[in-house]
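Visitor: just to be clear, the model below is a prediction. Sequence and coordinates:
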Amino acid sequence: MPSQGVTDGPAGPRRVLRLPRRTGAGLHVLALAAAWLGLSVLAGLTLFLGSSREVTLASHDAVLQPTLSRQVVVRTGPVLPDLRVDSGAPLGVDVRLGKTDARSTEELVDRYAVIASSPEGARARVREAVVDMAWQAALRGAAVGAVPVLFWVLVGPARRRELLRSVPSRRGAVAVAAVAAVGLAWWQPWTPADERVEDARPWIPLAEFLGPQVPLPEELDGVEVRGDVTTSQTRRLIESAVDTYEKSRGFYARAAEDAAGLDLREPEEDETVAVLVSDRHDNIGMDAVARAVGDRAGATVVLNAGDDTSTGATWEAFSLDSVSAAFDGYDRFGVAGNHDSGDFVADYLADHGWTMLDGEVVEGPGGGTLLGVADPRSSGLGSWRDETGLSFEEVGRRLADVACGADDGPIGTLLVHDVNLASEALARGCADLAVGGHLHVEVGPDPVVGPEGQVGYRYTNGTTGGAAYAIAIGSKPRREAQMTLVTYREGRPVGLQGVFLQTNGRWEVGDYTVLVRPDAVTGAEGDDDAPGEEQEGSVLVPSPTGTPDPGPATGPGTGPREQGPDADDATGRPREQGRRSR
């Protein structure tokens with residue numbers, strides 16, 4: 001008997017769930033996008049791990065290759081042991097060092113130690129290269145991943161069904177076999193990998209290799225070495241490198257720490273401070289120190305008066321990497337010096353964020369005007385823009401023509417390597433201040449009066465690298481190292497303050513010197529720096545004399561200075577009365 005409430009009858013039509021047309025198309029697009037993304041990641045990672053980049057690193061031609069080892073491996077060659085350290089990142093990098101210009105293994109090892117003691121520049125260079133390789137691999141991977149997706153879309157569903165039906169046929173089998181054969185020919189998995197000599201050598205912690213008799217700095221605990229480290233000569237070289245590393249890192253780290261406590265003039269709210277550096281000559285240890293001085297003074301701009309290198313050769317890129325990393329975040333302006341031979345230095349710095357002055361007026365510190373040009377005496381330079389064969393005097397005249405042709409009155413700052421190049425511009429009254437280096441000793445500030453009573457100043461910074469001659473790389477400065485703080489108000493330079501680091505690590509701070517001008521001689525009410533009366537540290541302006549004193553014409557390396565009875569042991573010249581020791 002049928003149950004009550006249940007009715008037998010014919011079954012209704014079968015319902016099929018269908019997605020709206022828009023939803024189906026959307027899912028199809030998402031599926032294609034997911035396929036493209038997956039293929040792109042796979043192709044990009046493969047391309048990235050197979051890529052390499054030739055760079056100049058640690059004074060070597062070097063080849064970088066990214067890895068998944070989470071280790072930085074430095075392969076130094078057949079003489080010195082390889083080095084390995086944790087990268088602190090998901091990726092690693094293999095660094096294979098090539099040619100260098102070092103004259104001996106001992107010189108090369110000491111150079112390694114100094115570079116390792118100030119590694120910021122080398123790290124930045126490797127990071128820059130790896131990031132660039134990653135971006136290139138990502139773009140190429142995206143292009144490779146798009147190929148099969150585009151093929152799928154362009155073929156269309158009807159043709160795809162035809163191709164799938166043809167796979168079981170003889171023609172389909174031949175096509176699949178051909179594709180597989182091409183892949184195998186490219187991969188060649190049957191080719192055996194030769195055993196490498198370096199693979200048979202174990203990695204040894206540096207502390208274990210040197211033994212307990214050589215104390216290691218704490219930051220070297222994770223360093224490992226591999227290679228033929230059994231000879232006494234190799235051990236002696238590594239011990240020397242560790243000693244140089246410890247001395248260099250200790251000296252400059254203490255100097256930078258002490259710089260944070262220097263008694264420097266603090267800028268007013270409407271003032272901008274620039275730190276002037278010159279004649280670094282590859283002393284990368286001073287870069288962090290100069291940055292610490294700038295930070296202590298509230299600087300936001302760096303003016304680089306050139307001679308960052310000793311020869312301008314490509315192996316000195318480590319010095320340019322260092323100064324670029326040290327002043328990251330500052331507005332950076334520079335010129336090439338006479339030792340920055342050729343165009344490598346200027347081009348390299350320009351590629352790394354510096355505004356390299358080339359004879360055109362640009363906006364400088366505090367919104368003022370800035371003009372400069374590379375030193376014409378360096379080999380490969382001596383040109384005014386595209387014209388070659390010009391003398392030092394001719395470049396100086398053309399620089400003065402540009403300065404005097406500016407629309408907004410005198411140029412705020414002329415940045416040159418040798419302030420003699422700015423002599424004519426100052427004599428014409430077309431610049432407020434000309435700064436440079438070259439002499440490796442401080443000179444000025446000296447006022448220069450123009451034909452209509454305009455007053456400009458010439459000032460020579462000492463050597464920021466503490467260079468005795470044309471080279472300064474080492475565990476400490478070879479002579480007094482100097483940076484100068486230039487203060488700007490409303491775009492015009494209004495004061496200078498020299499900061500000096502002695503070879504024994506002692507700091508000396510010069511008095512803040514006000515740059516007096518005729519328009520401020522009467523004294524502006526409420527302006528603390530307006531010299532209505534003579535101020536301590538002010539430069540008094542003499543009566544106009546017509547032609548200015550061209551100043552010293554020689555550079556470093558002209559022989560030792562005479563030392564009188566009152567000479568400072570570190571500088572060889574009388575101690576400045578306006579300096580304060582710390």
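Guide: Structure's in. What do you need?

Visitor: surely Asp221 meets Asp86?
Guide: No - judged on C-beta atoms under 8 Å, Asp221 makes no contact with Asp86 at a distance of 10.5 Å. Quick note: C-beta positions are derived from backbone N, CA and C, even for glycine.

Visitor: please enumerate the helices of the stretch 101-250 of the chain.
Guide: 105-117, 120-166, 170-187, 206-210, 232-259 (DSSP state H, counting those that start in this stretch).

Visitor: for the closest residue in space to Gly367 that isn't next to it in sequence, give its distance to Val499.
Guide: Closest residue in space to Gly367, ignoring its immediate chain neighbours: Gly491 at 4.6 Å, by C-beta to C-beta, 6 or more residues apart in numbering. Using C-beta to C-beta, to the nearest Å, we find Gly491 at a distance of 23 Å from Val499.

Visitor: out of these two, which sits in the more crowded spot?
Guide: Between Gly491 and Val499, counting by other C-beta atoms under 10 Å, Val499 is the more crowded of the two (24 against 18).

Visitor: relative to Val301, how far out is the residue nearest to Gly367?
Guide: 12 Å.

Visitor: intersection of neighbour lists for the two?
Guide: 364-365 (C-beta atoms under 8 Å, 6 or more residues apart in numbering).

Visitor: Pro410 is in contact with the residue nearest to Gly367, correct?
Guide: No - counting by C-beta under 8 Å, Gly491 does not reach Pro410; the two are 11.0 Å apart.

Visitor: how deep is Ala158 tucked in, by neighbour count?
Guide: Ala158 has 8 neighbouring residues, counting by other C-beta under 10 Å.

Visitor: contacts only, for it.
Guide: By C-beta under 8 Å, 6+ apart, the contact set of Ala158 is empty.

Visitor: what's the separation between it and Trp152?
Guide: Distance, Ala158 to Trp152, using C-beta to C-beta: 13 Å.

Visitor: what's the answer for Leu30, then?
Guide: Leu30 sits at a distance of 14 Å from Trp152 (criterion: C-beta to C-beta).

Visitor: now stretch 65-72 - C-alpha only, CSV.
Guide: C-alpha atoms of stretch 65-72 as CSV (Å, rounded to 0.1, in the frame of the first residue of the first chain):
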residue,chain,number,x,y,z
GLN,A,65,76.7,34.4,-9.5
PRO,A,66,73.7,34.1,-7.3
THR,A,67,73.1,30.8,-5.4
LEU,A,68,70.6,29.3,-3.0
SER,A,69,73.4,28.4,-0.5
ARG,A,70,72.7,31.4,1.9
GLN,A,71,76.5,31.8,1.8
VAL,A,72,78.8,34.4,0.4
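
Visitor: residues in contact with it?
Guide: Here stretch 65-72 makes contact (C-beta under 8 Å, 6+ apart) with 48-49, 51-53, 73, 84-87, 89-96, 126, 130, 133-134.

Visitor: re the thing from before, which of Leu30 and Trp152 has more neighbours?
Guide: With other C-beta under 10 Å as the criterion, Leu30 and Trp152 differ in neighbour count, and Trp152 comes out ahead with 14 against 10.

Visitor: tell me the confidence at the more buried one?
Guide: In this prediction, Trp152 carries a pLDDT score of 81.

Visitor: okay but it is in contact with Ala31, surely?
Guide: No - no contact is recorded between Trp152 and Ala31 when judged using C-beta under 8 Å, the distance being 10.1 Å.

Visitor: which residues does Ala434 bridge with?
Guide: The residues paired with Ala434 through beta bridges, assigned by DSSP bridges, are Leu414, Arg458.

Visitor: do you know which of the helices of the stretch 101-250 of the chain lies nearest Ala62?
Guide: Taking C-beta to C-beta as the measure, those were each checked against Ala62, and helix 120-166 came out nearest at 9.2 Å.

Visitor: okay, the angle between that closest one and helix 170-187?
Guide: Orientation check (axes from the mean of the first three to the mean of the last three C-alpha atoms, to 10 degrees): helix 120-166 against helix 170-187 gives 160 degrees.

Visitor: now do stretch 324-338: distance to the chain's middle.
Guide: The chain centroid and the centroid of stretch 324-338 are separated by 8 Å, computed with C-alpha atoms, centre = their mean, to the nearest Å.

Visitor: between the two ends of stretch 407-421, how far is it?
Guide: Taking C-alpha to C-alpha, to the nearest Å as the measure, stretch 407-421 stretches 22 Å from start to finish.

Visitor: how far does that stretch sit from its chain's centre?
Guide: From the chain centre to the centre of stretch 407-421 is a distance of 25 Å (C-alpha atoms, centre = their mean).

Visitor: what's the average pLDDT for that stretch?
Guide: For stretch 407-421, the per-residue pLDDT averages 90.

Visitor: now swap in stretch 271-287 and tell me
Guide: 92.

Visitor: ok, now stretch 459-478?
Guide: 80.

Visitor: can I get it in CSV, CA atoms only?
Guide: Extracted in CSV, the C-alpha atoms of stretch 459-478 (Å, rounded to 0.1, in the frame of the first residue of the first chain):
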residue,chain,number,x,y,z
TYR,A,459,89.1,78.0,0.6
THR,A,460,91.1,74.8,0.3
ASN,A,461,90.2,71.8,2.3
GLY,A,462,92.9,69.4,3.5
THR,A,463,92.9,65.8,2.6
THR,A,464,89.9,63.8,3.9
GLY,A,465,91.8,60.6,3.3
GLY,A,466,94.8,61.7,5.3
ALA,A,467,96.9,61.2,2.3
ALA,A,468,100.6,62.0,2.4
TYR,A,469,101.0,61.7,-1.3
ALA,A,470,98.6,60.2,-3.9
ILE,A,471,97.6,57.2,-1.9
ALA,A,472,96.0,56.9,1.6
ILE,A,473,94.7,53.4,1.9
GLY,A,474,95.8,51.9,5.2
SER,A,475,94.9,51.1,8.7
LYS,A,476,94.9,54.8,9.7
PRO,A,477,95.5,58.3,8.1
ARG,A,478,99.1,59.0,7.1
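
Visitor: other residues contacting stretch 256-276?
Guide: Contacting residues not belonging to stretch 256-276 are listed as 288-303, 305, 365-366, 435, 461, 483-490, 494-495, 497, 499, 505, 507, 509, 512, 580, 582 [C-beta under 8 Å, 6+ apart].

Visitor: what about it, start to end distance?
Guide: Across its full length, stretch 256-276 reaches 17 Å between end residues, using C-alpha to C-alpha.

Visitor: so which bits of it are buried?
Guide: By neighbour count, and taking 16 or more other C-beta atoms under 10 Å as the criterion, the buried residues in stretch 256-276 are 256, 258-259, 262, 264-265, 267, 271-276.

Visitor: was I right to think Asp340 contacts Tyr348?
Guide: No - using C-beta under 8 Å, Asp340 makes no contact with Tyr348, being 9.8 Å away.

Visitor: between the two, who's got more neighbours?
Guide: Neighbour tally, Asp340 and Tyr348, criterion other C-beta under 10 Å: the higher count belongs to Asp340, 31 against 23.

Visitor: so of the helices of the stretch 101-250 of the chain, which one's packed in deepest?
Guide: Among the helices of the stretch 101-250 of the chain, the stretch with the highest mean neighbour count (mean count of other C-beta atoms under 10 Å) is helix 105-117, at a mean of 20.

Visitor: for the residue nearest the centre of the chain, give me the pLDDT.
Guide: Per C-alpha atoms, centre = their mean, the C-alpha nearest to the average position across the chain is that of Ser324, at 2.4 Å. Among the per-residue scores, Ser324 shows a pLDDT of 93.

Visitor: with Gly337 instead?
Guide: Predicted confidence (pLDDT) for Gly337: 90.
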